[in-house]
Structures are given as structure tokens and as C-alpha cells.
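Chemist: sequence first, predicted coordinates after that:
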Amino acid sequence: MFSPEGIEQYDLDEIQKELCEASFYDFLELAWPIIEPSRPFVPNWHLEAMCEHLEACYYRDIRRLAITVPPGTTKSVTTSIAFPAWVWLKNAKEKFIFGSYSETVSKRDSIRCRRLIGAMWYRRKWGNVRIDPKMDNLIKFANLEGGFRTITTIKGGITGEHADFQVVDDPIKPLEVSKSLTVAQNTLEEVREWWSGTMATRIVDHSSSVRIIIMQRLHEADLAGDVISEGYEHLMIPMEYEKERTKTTSIGFVDPRTEERELLCPERFDREAVEQLKKDLGKRGAEAQLQQNPTPKSGSILKEEYIQYYTKAPAIFQKVIQSWDCTFKEDGTSFVVGQVWGTVNEYYYLLDQVRGRWGLVDTCKQIKLLSKKHPRAKVKLVEAKANGNAVVDTLQRQMTGFKLIEPEGGKVVRVHAIEHLWEEGRVFLPLPENCEWVVGLVDEVTGFPAREFDDQVDSMSQALVYLQSKRIERLRKAMQNLSKRGMI
């Protein structure tokens, strides 16, 4: 940018100082070695776009802003770390409240922002921004001019604090959202109430306050979706360019890409990396989290066109398990279902099923028979409800391999969690002519949740959630690594 040759250090500092004060993007680039000393700054138009819109917020040209970007695109570093440090060099009286789904994440960014403001590079140029030693901790630090930066969470309170800037960075935890974009309704409502209720009252001056949301889209009714429909300025940055969805923002920004599917930042995410992300996230997950375009689901969850059949099962499986739904009732109005599933190379095969109106004694008998027929299926999943516990208590001295499963979410949530496996053609059923029970299973699966019975669906979703858990864990670890590196 500027060569230091022949320039006194004082002059170089003055040049950098003026450059940073005039441009938030230049400040981000020059401050980068302090914020991220272990990795180089990669300039790109999307960072300039975020910086320009945040600048407009400082000048109050935009007072309500939603930025939706893919994971790993430096949104937290830009918004939660660099932005308040830049604002204070312009006006140290500005007050900030930062919120997130996690106190750990909020503290992480608070520490890094505080480290930036305390760095010699920053203090040498803006010595007037002095931290108040009486208010300098992980939750809140303040300067002697009256400005402060404090943190909260979706579940936390912020009693007594009023801010000029309210910023929420990821109000919903991405790792808790399945590939099919299943978000509990109470979570959506909790976030909505926090932003429109609790936080809406914690403002210094309603005529000049700024409210900013930055996140990856996770659901059609998430917080970004809510506020965009209410008129917030929306800076939408998809991983791949889509001309028909491109809009010009109020400050004149338009996506500079021209070719369909042109990548956001090939230096950070090349085509191979993006295709792997799309595979990991699934079709609906990629459309939302990468393209910022979550779409609602209607009708049945598992469509008839998803159904795949096999003529002959693979000779070798990496894992074979049993899955039991033991919700029997004494009046005989409910079914017990046992299924045998095998998996190979992330494809899932239903190998056998038994189903009947059985009580405790007959259910135990059927488990023994199915185990004898499929000796490789040593793991036996049983939902940890009253009947399931009774079955395991009865059989555990005679048989091994029982795993009591604590179900997460409701039935619909669990089916959404494995929807992508069906949609991607990775679940196979026996041909109906080979197993007569398949016809009833398909009818129940494709009619769920509108059918009278859902016992076969329960057994199936329990098995598939368990079998894909290792793959999900790999995705979770990858996203956690991105989070540790400040990339999400």
C-alpha cells in the first residue's frame, strides 16, 4: 500500500492513521496482523461490502441492517471485533451491546476486540481511546470518554445498559441446526422475543440508534427473515452468484460478479471446497447457509420420488444395527416395530422389519428372534421411554448390545434431521415383491406426519440418526475449527 522506505515512522503512522479514519476497510486490513497473526489477510469485495455498509451505519445513513453471509467469511472479525474499535477512533463515546447464541462466543470476540484496542499499533495512533481500569473485564469494558462494549446472549439479560449500537452475531447456533434446517419453533420465538422485546428497550436514543444483525440463514422464519420483511436494509452475499436474486442496496452496492455460480472468494473457498461444503450441508442446508435462501417445506416431508429400492443388498456392510420402537399399549392399539439397517459408504439399507401389536413378553420374544436371524446386528437401539426401559431391563441379562436412545426434539424434528438422506438417494428399501411389508412402510413414510400410525417412521428415523452421527460429528468438528479461528 505504502512503502516505508524513506519515510519516518512518525509519518508512516500519520499516513496509516488518516487512511484508517477515512476507511473502515483499510482499518480492517491494517489491523489484521493483530487480530489474526497466524493467517494472512485475503482482500475481497465481500469484505469491502460489509465494511461499507457498517460505515453507513456509523454515519447513520443506515440504521437497521441485516447482513447474511456464508460461514467462514470473516463476519465476526469484521463486525464484532474490528468495527467497534474503528468506531471508537472516530467517536469514543459510542456505546455497544453485542449479542450471540453463546456467552463463550461473545466473550471470545470481546477479548479479541479488547486486545486490538490495547495493542501498541492502536494506542500509538489513537491514544485518546483509553480503557477505564475500573471497567475492564470479559463481559464489559469501557473507555474514559464514556463509550463501552458489553455482551449478552439470547437467554441473558442486559438490565441497566442502553446502547447506541446493538449487534447480534449468529442468534441461533448453527451446529444445532440439521441439514434439513430444522429449528425448534420455541427457539425461533425466543430469539424473536429477545430482539423485538428485551433488546428493543435497551437503546440510548431511538432517533439515532443502530441495530445490526449478521448471520448465515438457517430457517425461513429466522431473525434475519423477520427483520428483512419489516424493512431492514439487507446485504445478501451468497457463496455462488445468482443474477436473479441480486439487488442494489440503498448505498448503491451491487454484487460485482457477472457469471452464474461464480464463487464468492476462490482464494478462500475454491470449487472443490464449495462442493464439499454443499455435500456436508445437504441440499436444503446449502441453499440456506451458503446461498442465504432458506425455503419452507410443505406437505409430507419424505416425498414418494425419494424412494429407492435395491434388488440385492451389498455383501458387506460397515455396520449393521437393530432399531426398536417399543411403544406398546395394553389395549393393543399401538404397534411395536423392529428394523435391521446396514450402512456402507454412507448409503443406508433397510434389511428386515417385524411389526405387530405385542405386549412386553411378545416384544422380548421378537427381539430374540430378529437377533438370531441377523447375528451381525449386535447393536440394538431402543428408545428410552417407559416400555423401552422395561424391555431392556428384561433382556439385558440374556443379551448384549442394547443402547437406550434419548430422542431429541419431536417426531417431525427427527424426520427432518434425516430428510436429506432420502432426498439425496442414499436410503434403500427392499423391493415390495420381495418383502410385502414394504408397501405399508412406504405409505406411512410418504404420508408422515398425516398418517394414523408412525411407529415404522420412528424406528427408521432413530436408526438413520444414529448411523449418520459420525458424519455429522465430522461436520461439527469442522465448523468448530472455523469458529475457533474466528471464521464464523
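Modeler: Structure received.
Chemist: OK, contacts around residue 96?
Modeler: Residues in contact with residue 96 (Cβ atoms under 8 Å, 6 or more residues apart in numbering) are 84, 87, 147-150, 163-167. In this view, the C-beta of every residue, glycine as well, is placed from N, C-alpha and C.
Chemist: low-confidence ranges in this structure?
Modeler: Residues of the chain that meet the criterion pLDDT under 70 lie in 1-10, 175-185, 296-299, 329-333, 386, 470-488.
Chemist: still on that earlier bit, top of the contacts of residue 96 by neighbour count?
Modeler: In terms of neighbours by other Cβ atoms under 10 Å, the contacts of residue 96 top out with residue 149 at 27 neighbours.
Chemist: which element is that one on?
Modeler: Secondary structure from DSSP states H and E places residue 149 in strand 148-153.
Chemist: helix or strand right after that strand?
Modeler: Downstream of strand 148-153, the first helix or strand assigned by DSSP H and E is strand 165-169.
Chemist: pairing partners for that next one, with directions?
Modeler: strand 95-100 (parallel), strand 210-215 (parallel) (DSSP bridges).
Chemist: what's the distance between the residue nearest to residue 144 when sequence neighbours are not counted and residue 421?
Modeler: Residue nearest to residue 144 in three dimensions, not counting chain neighbours: residue 130, with 4.8 Å by Cβ to Cβ, 6 or more residues apart in numbering. Distance, residue 130 to residue 421, using Cβ to Cβ, to the nearest Å: 56 Å.
Chemist: just residue 62 next, same as before
Modeler: Going from residue 62 to residue 421 by Cβ to Cβ gives 42 Å.
Chemist: and for residue 199?
Modeler: Taken as Cβ to Cβ, the span from residue 199 to residue 421 is 38 Å.
Chemist: the two: who's more crowded?
Modeler: Comparing residue 199 with residue 421 by neighbour count (other Cβ under 10 Å), the higher total belongs to residue 421, at 23 against 19.
Chemist: so who does that one touch?
Modeler: Taking Cβ under 8 Å, 6+ apart, we find residue 421 in contact with 348, 427, 464, 468.
Chemist: roughly how far does the residue minimising distance to the centre of the chain sit from residue 158?
Modeler: Centroid-nearest residue in the chain: residue 174, 1.6 Å away (criterion: Cα atoms, centre = their mean). From residue 174 across to residue 158, the span is 23 Å (Cβ to Cβ).
Chemist: still on that earlier bit, tally of neighbours for the residue nearest to residue 144?
Modeler: 13.
Chemist: go ahead and confirm it touches residue 142.
Modeler: No - using Cβ atoms under 8 Å as the test, residue 130 is too far from residue 142 to be in contact (10.1 Å).
Chemist: tell me which residues are up against the strand or helix carrying residue 30.
Modeler: Here residue 30 sits within helix 24-35, counting by DSSP H and E. When contacts are defined by Cβ under 8 Å, 6+ apart, helix 24-35 is touched by residues 1, 16, 19-21, 41, 43, 47-48, 51-52, 54-55, 58, 77-78, 81-83, 85-86, 89, 112, 115-116, 119, 121-122, 486.
Chemist: which of these fall in helices?
Modeler: Among the contacts of helix 24-35, the members found in helices (DSSP state H) are 16, 19-21, 47-48, 51-52, 54-55, 58, 83, 85-86, 89, 112, 115-116, 121-122.
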